[in-house]
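In: predicted coordinates and the sequence they were generated for:
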Amino acid sequence: MALCNDAVLQQDESGIWEGVGDPTEVALQVLAHKLQIKKEELENTWEFIEGLPFDSNRKRMSVLFEDPEKETIILTKGAPEEVLSVCSFFYQNGKTKKLDKNERDHFMQINLDMAGRGLRVLGLAMRQSSKLTDDIEPDIIEKDMIFLGMVGVLDPARPEAKQAVLECKQAGIRVIMVTGDHPATAQNIATQLGIFDPSRDKVMIGEQMDAMTESQLCRVKPFPTIFARVSPDNKLMLVNTLRKMKYIVAMTGDGVNDAPAIKHANIGIAMGKEGTDVTKQAADIVLADDNFATIVTAVEEGRRIFTNLQKFIRYLLSCNMSSVFSILAATAVGVPLPFTPIQILWLNLVTDTPPALALGFDEAEKDSMKNQPRNTKKGIFRKADLVFIIYHGMIMAGLMLAIFFIELYVEGGSLEKARTMAFAMLVLVQLAQAFNAKSTGTTLFRRDIFSNKGLVVAVLFSFILLLAGMYLPFLSGVFEQVELHPQDWLELVVGVMIFILLAELFKFTRRSIRK
């Protein structure tokens, strides 16, 4: 555990111990230290000769040392079944005994029992060799070894991982565990996390994948939820298979062996703390905290951004559509335009910029992670959005023109007064539209209508700008507006209430159709 190990234990300036290297190997170093076996002390008397690094195909690693008696010692650790496959003897009660089938089956059962408790199990073996050739190859070095025993490492999932998996399921995201661990270990942990249901789900090991093609894997029913004892080729095959099945695949990993699969996934995610440089370079995203829950948080944030873009588009296009409809209608019937060019510019400044920007920072909807993933073939602009934009654009234009005609032709007011009323009407309904555009189906009278404090501030700011353009002399002259009286504001409030009523009618109809 101490010498066949690339990890290092060291103390910082304050005397606190820290491990550098793979977490599993660090755990083994800690155990060796507790048994008073320290790597740094052994290396003063044991001379390192050569090392055979861990290989995902052999699932073993070995090192060669010369001990103080000048004997060459070969130390091996790895997957118990693979270590046992190169052992001919086992060590018991201070004696080396022949490893027969019964003993081999006995050790394999112990391995299975430990793995079933969620332990990551490693087998340990050694061999002395007085004759060492220059040809240091696994087939030559790793043979006729003495099986020493097994060690189990408990690598519990983070407390927040189970909730993150549940959120993935609710969001329509399928979580698949891909690991080099024993199937029983993987099944135990996956069951605890809610990834695996023993009564329904399936486990597949790397050897089974080696005997299949990607097309055959596509047809496996039910599709496995756990892939254990896999090689880099198996991981890459799984990613390619899932992509053939039209899934959007996010692959996570930290080792060099994960890099090919991460590179070929739609979204490659590397671990920032424990991940290798090769894996980080192959990835699209690097997790600074190595936390699976962070991926779920990122998905929620992505959905928030996408939804806010839709709100932004719905709001701006419906407001601009109202201006276009009003100009076209006034031109078609041959009446004066309801506003001047300078008022159009002022309108865009007052109603478009502050509320639209605030909508872009709207909070995530409470049920955003309970919706199924959107169809990636469909763009950000949906048919429902188009209907929403045209409908509300026409309503806003109609109310503005109604106020304009009433003031100009019914009440006999001046053109300047009529344009001021029309301008104010359009600003007010567009400010109401800022809250309405948050959803094409959810009612405006929901509890969280004012949850976006930035939007509330933006609407109030735009309303203050509207008043400033009317009541400040140096601005009213520039924008050709006049002061409005309480009776005028009452008419405008009635218009806003009509708009809200018609907007709610649209959403009620949409909800009824969807049911």
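Out: Perfect, thanks for sending it. As the structure is a prediction and not an experimental result, all values here were calculated from the model.
In: what's the pLDDT at residue 230?
Out: We note a pLDDT of 92 for residue 230 in this prediction.
In: helix, strand, or coil at it?
Out: coil (DSSP: H, G, I helix; E, B strand; the rest coil).
In: residue 43 too?
Out: With three-state DSSP as the basis, the three-state label of residue 43 is helix.
In: list the contacts of it.
Out: Residue 43 sits next to residue 3 when contact means C-beta atoms under 8 Å, 6 or more residues apart in numbering. Where you see a C-beta, it was placed from the backbone N, CA and C, and this is true even at glycine.
In: hmm, what's the outermost residue in this structure?
Out: When each C-alpha in the chain is compared with the mean C-alpha position (C-alpha atoms, centre = their mean), residue 412 comes out farthest, at 61.1 Å.
In: what helix or strand is that one located in?
Out: According to DSSP states H and E, residue 412 maps onto no helix or strand at all.
In: how close does it sit to residue 72?
Out: Relative to residue 72, residue 412 is positioned 111 Å away (C-beta to C-beta, to the nearest Å).
In: swap in residue 492?
Out: For residue 492 relative to residue 72 (C-beta to C-beta), the value is 95 Å.
In: cool, residue 16 as well?
Out: Distance from residue 16 to residue 72, by C-beta to C-beta: 37 Å.
In: out of the two, which sits in the busier spot?
Out: Neighbour count, other C-beta atoms under 10 Å: between residue 16 and residue 72, residue 72 has more, with 18 against 8.
In: the helix or strand encompassing residue 501 - what's its average pLDDT?
Out: In this structure, residue 501 sits in helix 486-514 according to DSSP H and E. In this model, helix 486-514 has a mean pLDDT of 91.
In: which helices and strands sit right next to that helix?
Out: Using 3 or more C-beta pairs under 8 Å, 6 or more residues apart in numbering; DSSP states H and E, the elements in contact with helix 486-514 are helix 383-405, helix 415-436.
In: average pLDDT for the longest one?
Out: Model confidence over helix 383-405, given as mean pLDDT, is 92.
In: what does it rub up against?
Out: Under C-beta under 8 Å, 6+ apart, the answer for helix 383-405 is 310, 313-314, 317-326, 329-330, 335, 338, 418-419, 421-422, 425-426, 429-430, 433, 436-437, 440, 491-492, 495, 498-499, 502-503, 506, 510.
In: which among the residues you listed end up buried?
Out: Using 16 or more other C-beta atoms under 10 Å as the burial test, these include 310, 313-314, 317-323, 325-326, 329-330, 338, 418-419, 421-422, 425-426, 429-430, 433, 436-437, 440, 491-492, 495, 499, 502-503, 506, 510 as buried.
In: is the closest residue to residue 359 other than its chain neighbours in a helix, a strand, or coil?
Out: Excluding its sequence neighbours, the residue lying closest to residue 359 (C-beta to C-beta, 6 or more residues apart in numbering) is residue 311, at 4.6 Å. Assigned with three-state DSSP, residue 311 falls in the helix class.
In: next up, the contacts around residue 94.
Out: Residues in contact with residue 94 (C-beta under 8 Å, 6+ apart): none are found.
In: look at it and report its pLDDT.
Out: Per-residue pLDDT puts residue 94 at 88.
In: cool, and residue 275?
Out: The per-residue pLDDT reported for residue 275 equals 84.
In: pull the contacting residues for it.
Out: Applying C-beta under 8 Å, 6+ apart, we find residue 275 in contact with 253-255, 283, 286, 290.
In: that's a helix at it, yeah?
Out: No. Using three-state DSSP, the secondary structure at residue 275 is coil, not a helix.
In: in stretch 286-297, which residues are buried?
Out: Of the residues in stretch 286-297, those buried (16+ other C-beta under 10 Å) are 286-287, 290-296.
In: ok, so of those residues, who is nearest residue 96?
Out: Distances from residue 96 to those, taken as C-beta to C-beta, are shortest for residue 290 (41.8 Å).
In: what residues of stretch 18-25 count as buried?
Out: For stretch 18-25, a neighbour-count test (16+ other C-beta under 10 Å) marks 19, 22-25 as buried.
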